[in-house]
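Enquirer: only the shape, not the letters, is given here:
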């Protein structure tokens, strides 16, 4: 019965008026102003320090006799004022030269910062433009940024990976909605046809009305079961657990088996339940639905006179529920398809025995419990599915 197990992979913004418009200067301008301001501040500090240093050095001239004169640039200066004159001249020269250098450095910094930030932010603009062009119908576009593997490249790669996940989600949603619409249309069409045929017959008697009512009831029941399954799948897939309490998987299997036992006995299916008490923490109703869906799937997709084995066991911190059964052969490459909505025995759509959502609900419930799901074909025909959940502490 056992073979190589295959573990199943674990699994839109508003537009128009809802989009917040950016206000104020852009990131490129802010980075340019920041760099220019830092360089301007550092340059001004250096100019001031140079002004002080030059003034201090020039003022320390040797003292000359009082009353003597010194010629400076064809100007006679009293000896007692020589130091101050030289200091003022040196500081004035530093200010003139330093101001020109300061303006050149600031202008060069602003220009370089503007050019460099433009080049650095170019990939970010590509990400932005790609995001603006995207819609539910154009998710196939990717950035695929080339160049050095820096932080911007990581951002672009992360954006591409996010688009891959979104495209997969949108595709699955389209298939799900299309399949659900088709399945709901079928029972509604049956109901309308039966009503139209019966109402158009003026000689319809009580027997005919009873027959029509029976057909309508069966179709309404099928639509009701489909809607309930859709609601449970939507509530389970993506929502946290509302209830967390210790649950014995062996008791869950026994309770779930009562719902399909009569059908299994009618078809002569042999059963073996080597279960042992194993505790997990979770939602009892949801876990019973997991066991019920696995057993129901094993019965309805079995062969007359076939067999079913359900066992529970605990190993290395994990509690395991395995349901294996005979049945038609399932190619290993089609295992994952069984857990897609509206897939039944590897065949698209549903059949008269179910809505095709049972294993999808199992997968969503196991994911919500932090568990793992495995599936493997049984040699000779059939399927074995194992659920592993964290054991209760």
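Expert: In hand now; what should we look at? Just so it is clear, the model here is predicted, and its values are computed rather than measured. Numbers count the residues shown, from 1 in each chain.
Enquirer: how distant is whichever strand or helix holds residue 103 from the center of its chain?
Expert: Using DSSP states H and E, residue 103 sits within helix 82-133. Averaging C-alpha positions (CA atoms, centre = their mean, to the nearest Å) puts helix 82-133 44 Å from its chain's average.
Enquirer: cool, and stretch 315-323?
Expert: Put simply, stretch 315-323 sits 28 Å off its chain's centre (CA atoms, centre = their mean).
Enquirer: need the pLDDT of residue 206.
Expert: You'll see residue 206 listed with a pLDDT of 85.
Enquirer: and for it, the neighbour number?
Expert: Counted by other CB atoms under 10 Å, the residues lying close to residue 206 total 7. Glycine gets a C-beta too; all of them are placed from N, C-alpha and C.
Enquirer: relative to residue 166, how far out is the residue nearest to residue 143 when sequence neighbours are not counted?
Expert: Spatial nearest neighbour of residue 143, chain neighbours left out: residue 156 (4.6 Å); criterion: CB to CB, 6 or more residues apart in numbering. According to CB to CB, to the nearest Å, residue 156 and residue 166 sit 15 Å apart.
Enquirer: before we move on, what about residue 299?
Expert: Applying CB to CB to residue 299 and residue 166 gives a distance of 38 Å.
Enquirer: of these two, who's got more company?
Expert: Counting neighbours by other CB under 10 Å for residue 299 and for residue 166 shows that residue 299 has the greater number, 25 against 14.
Enquirer: contacting residues for the more buried one?
Expert: Contact analysis of residue 299 by CB atoms under 8 Å, 6 or more residues apart in numbering lists 260, 263-264, 267, 269, 308, 325.
Enquirer: among those residues, which ones are buried?
Expert: Burial by neighbour count, judged by 16 or more other CB atoms under 10 Å, picks out 260, 264, 269, 308, 325 from the contacts of residue 299.
Enquirer: for the helix holding residue 103, packing partners?
Expert: The contact analysis (3 or more CB pairs under 8 Å, 6 or more residues apart in numbering; DSSP states H and E) places helix 82-133 against helix 27-59, strand 69-72, helix 151-200.
Enquirer: apply 7 Å and report the result again.
Expert: Contacts defined by 3 or more CB pairs under 7 Å, 6 or more residues apart in numbering; DSSP states H and E place helix 82-133 against helix 27-59, helix 151-200.
Enquirer: what's in contact with stretch 386-393?
Expert: Here stretch 386-393 makes contact (CB atoms under 7 Å, 6 or more residues apart in numbering) with 246, 278-282, 290, 314, 317-322, 366, 369-374.
Enquirer: ugh, wrong one, stretch 141-154
Expert: 123-124, 126-127, 130, 133-134, 156, 159-160, 163.
Enquirer: give me the lowest-pLDDT entry from the residues you listed.
Expert: residue 134 (70).
Enquirer: which phi and psi does the closest residue to it other than its chain neighbours have?
Expert: Spatially, and ignoring its direct neighbours in sequence, residue 134 is nearest to residue 141 (6.4 Å; CB to CB, 6+ apart). Dihedral pair for residue 141: phi -70, psi 140, per degrees, to the nearest 10.
Enquirer: give me the neighbour count for the residue nearest to residue 143.
Expert: Residue 156 is flanked by 21 other residues according to other CB under 10 Å.
Enquirer: and the furthest pair within the contacts of residue 299?
Expert: Using CB to CB, those span at most 13.0 Å, a distance reached by 263 and 325.
Enquirer: re earlier: out of the contacts of stretch 386-393, which sit inside strands?
Expert: 246, 279-282, 314, 318-322, 372-374 (DSSP state E).
Enquirer: give me the buried subset of the residues you listed.
Expert: 279-282, 314, 318-322, 372-374.
Enquirer: surely residue 304 is in contact with residue 266?
Expert: No - contact criterion CB atoms under 7 Å: residue 304 and residue 266 do not qualify, at 9.2 Å.
Enquirer: thinking again about what came up before, mean pLDDT for the helices and strands packed on helix 82-133: which is lowest?
Expert: Ranked by mean pLDDT, the helices and strands packed on helix 82-133 bottom out at helix 151-200, with a mean of 77.
Enquirer: got a winner among the contacts of stretch 141-154 for most neighbours?
Expert: That'd be residue 156 among the contacts of stretch 141-154, by other CB under 10 Å, with 21 neighbours.
Enquirer: circling back to that earlier point, turn the contacts of stretch 141-154 into JSON lines, including distance to residue 106.
Expert: Converted to JSON lines, those look like this (distance: CB to CB, whole Å):
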{"residue": "123", "distance to residue 106": "28"}
{"residue": "124", "distance to residue 106": "26"}
{"residue": "126", "distance to residue 106": "31"}
{"residue": "127", "distance to residue 106": "32"}
{"residue": "130", "distance to residue 106": "36"}
{"residue": "133", "distance to residue 106": "39"}
{"residue": "134", "distance to residue 106": "41"}
{"residue": "156", "distance to residue 106": "33"}
{"residue": "159", "distance to residue 106": "36"}
{"residue": "160", "distance to residue 106": "40"}
{"residue": "163", "distance to residue 106": "42"}
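Enquirer: next, count neighbours for residue 201.
Expert: For residue 201, using other CB under 10 Å, the count is 12.
Enquirer: please read the previous query as pertaining to residue 366.
Expert: 23.
Enquirer: same check, this time on residue 109
Expert: Counted with other CB under 10 Å, residue 109 comes out at 19.
Enquirer: and for residue 266?
Expert: The burial count for residue 266: 10, using other CB under 10 Å.
Enquirer: contact partners for it?
Expert: If you count contacts by CB under 7 Å, 6+ apart, residue 266 has none.
Enquirer: do residue 95 as well
Expert: So residue 95 contacts residue 51 (CB under 7 Å, 6+ apart).
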